[in-house]
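In: just to be clear, the model below is a prediction. Sequence and coordinates:
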Amino acid sequence: MRVLVYGTGTMGKGISQIFAQNNHKVLLFNPNIESSKRALKNIENGFEKLVTKGKLTEENKNKFINNIEIVDSIKSADDVDIAIEAVSENMDIKKTKFIEMDKFINSEAILATNTSSLSITELALVTKRPDKVVGMHFFNPAPIMQLVEIINGMTTSTETIEFVQSLSKELGKKPVLVEEAPGFIVNRMLIPMINEAISIYSEGVATIEDIDTAMKSGANHPIGPLALADLIGLDVCLNIMDILHAEFGLDKYTAHPLLRKMVRAKKLGRKTREGFYKY
């Protein structure tokens with residue numbers, strides 16, 4: 001199968017790796033080709049670490065890397081079977097990318113988005129193939145996390161849903177089907193919990209470390225909410241809270257002022273080396 005991955009950030013790199021190591025041909029695209037080159041180098045480094053740990057052979061490493069090709073134009077990906085968009089969590093930006101993919105990619109291809117909270121139907125309606133537009137929400141780190149939320153928009157066909165469900169299983173993932181709703185399943189529950197943890201810290205109830213320890217030891221979470229916020233990206237957390245608040249209009253989805261302040265200060269978590277923790 002030939003797959004276009006549009007986006008070279010954390011999720012774009014992770015999704016590319018998943019497909020490459022499952023022997024699919026990945027066409028990696030970013031309008032800035034230098035970003036694509038850096039992304040491919042990061043993927044190569046990730047595979048090299050697996051070799052060092054004895055989890056991957058040198059032969060398979062080379063095979064997987066050769067499964068990824070950088071393209072400098074969407075036109076070069078016109079013959080793919082599926083295109084997966086993994087750009088910033090912004091509806092206007094995503095619409096622009098979907099219009100572009102719809103124009104240059106063959107009409108039989110599925111157009112998927114890795115959005116964590118936005119409307120699939122709204123994206124579908126800027127294309128001429130709304131029945132082939134679907135949500136395919138991978139979780140970070142994508143090569144490790146098993147879950148994929150399959151988002152069914154109001155125009156998505158049964159055939160499209162069945163295709164991406166089957167594909168997800170073939171990639172070794174556990175797909176769950178979600179009818180379109182703000183935040184889907186995981187982020188509708190998870191991000192407000194992170195927001196509440198920020199509130200507890202802001203009120204001086206407990207330290208960052210103790211809040212995270214409490215949830216790991218008391219609720220059996222593998223990672224504390226504030227460390228998780230850093231992993232997700234505080235800007236992503238804020239975007240999702242704002243989307244939930246805009247869609248539902250409920251106070252419980254109001255982003256905490258400290259979260260907004262940290263995003264303004266560019267303290268976004270691991271990707272900027274500082275969030276609630278320093279890296």
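Out: Nice, I can see it.
In: and residue 173, how far is that from residue 139?
Out: Distance, residue 173 to residue 139, using CB to CB, to the nearest Å: 10 Å. For every residue, glycine as well, the C-beta is placed using N, CA and C.
In: one more: residue 111?
Out: Counting by CB to CB, the gap from residue 111 to residue 139 is 20 Å.
In: who has more neighbours out of those two?
Out: Using other CB atoms under 10 Å, the more surrounded residue of residue 111 and residue 139 is residue 111, with 25 against 19.
In: secondary structure class for the more buried one?
Out: Judged by DSSP: H, G, I helix; E, B strand; the rest coil, the three-state class of residue 111 is strand.
In: same check, this time on residue 246
Out: Classification of residue 246 using three-state DSSP returns helix.
In: just give me the neighbour total for it.
Out: Considering only other CB under 10 Å, residue 246 is surrounded by 10 other residues.
In: okay, it: pLDDT?
Out: Each residue has a pLDDT score; the one for residue 246 is 96.
In: again with residue 68
Out: In this model, residue 68 is scored at 98, pLDDT.
In: quick check on the closest residue to it other than its chain neighbours: phi, psi?
Out: Spatial nearest neighbour of residue 68, chain neighbours left out: residue 26 (4.6 Å); criterion: CB to CB, 6 or more residues apart in numbering. Backbone torsions of residue 26, given as degrees, to the nearest 10, read phi -110, psi 130.
In: ok, residue 26 - contacts?
Out: By CB atoms under 8 Å, 6 or more residues apart in numbering, the residues touching residue 26 are 3, 5, 16, 19, 20, 67, 68, 69.
In: and what of residue 232?
Out: Neighbours of residue 232 in contact, by CB under 8 Å, 6+ apart: 140, 194, 269.
In: so which other helices or strands are in contact with whatever helix or strand residue 259 lives in?
Out: Element membership for residue 259, per DSSP states H and E: helix 257-264. For helix 257-264, the helices and strands in contact under the criterion 3 or more CB pairs under 8 Å, 6 or more residues apart in numbering; DSSP states H and E are helix 186-202, helix 234-248.
In: count the neighbours of residue 42 for me.
Out: Residue 42: 14 neighbours (other CB under 10 Å).
In: nearest residue to it other than its sequence neighbours?
Out: Using CB to CB, 6+ apart, the closest residue to residue 42 is residue 13 (5.7 Å).
In: that neighbour against residue 44, yeah?
Out: No: counting by CB atoms under 8 Å, residue 13 does not reach residue 44; the two are 10.5 Å apart.
In: the two - which one has more neighbours?
Out: Neighbours were counted for residue 13 and for residue 44 using other CB under 10 Å; residue 13 has more, 25 against 16.
In: and the gap between the residue nearest to residue 206 when sequence neighbours are not counted and residue 188?
Out: Closest residue to residue 206 apart from its sequence neighbours, by CB to CB, 6+ apart: residue 200 at 6.2 Å. Per CB to CB, residue 200 is found 20 Å from residue 188.
In: could I have the helix ranked longest in the chain exported to PDB, CA atoms only?
Out: Counting residues, the longest helix found in the chain (DSSP state H) is helix 33-52. The C-alpha trace of helix 33-52 is given here as PDB (Å, rounded to 0.1, in the frame of the first residue of the first chain):
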ATOM      1  CA  ILE A  33      11.500  20.000   2.400                       C
ATOM      2  CA  GLU A  34      14.200  20.700   5.000                       C
ATOM      3  CA  SER A  35      11.500  19.800   7.700                       C
ATOM      4  CA  SER A  36      10.900  16.500   5.800                       C
ATOM      5  CA  LYS A  37      14.700  15.800   5.800                       C
ATOM      6  CA  ARG A  38      14.900  16.500   9.500                       C
ATOM      7  CA  ALA A  39      11.900  14.300  10.200                       C
ATOM      8  CA  LEU A  40      13.400  11.400   8.200                       C
ATOM      9  CA  LYS A  41      16.600  11.700  10.100                       C
ATOM     10  CA  ASN A  42      14.800  11.600  13.400                       C
ATOM     11  CA  ILE A  43      13.000   8.400  12.200                       C
ATOM     12  CA  GLU A  44      16.300   6.900  11.200                       C
ATOM     13  CA  ASN A  45      17.700   7.700  14.600                       C
ATOM     14  CA  GLY A  46      14.700   6.000  16.300                       C
ATOM     15  CA  PHE A  47      15.300   2.900  14.300                       C
ATOM     16  CA  GLU A  48      19.000   3.000  15.100                       C
ATOM     17  CA  LYS A  49      18.200   3.100  18.800                       C
ATOM     18  CA  LEU A  50      16.100  -0.100  18.400                       C
ATOM     19  CA  VAL A  51      19.000  -1.800  16.700                       C
ATOM     20  CA  THR A  52      21.300  -0.700  19.600                       C
END
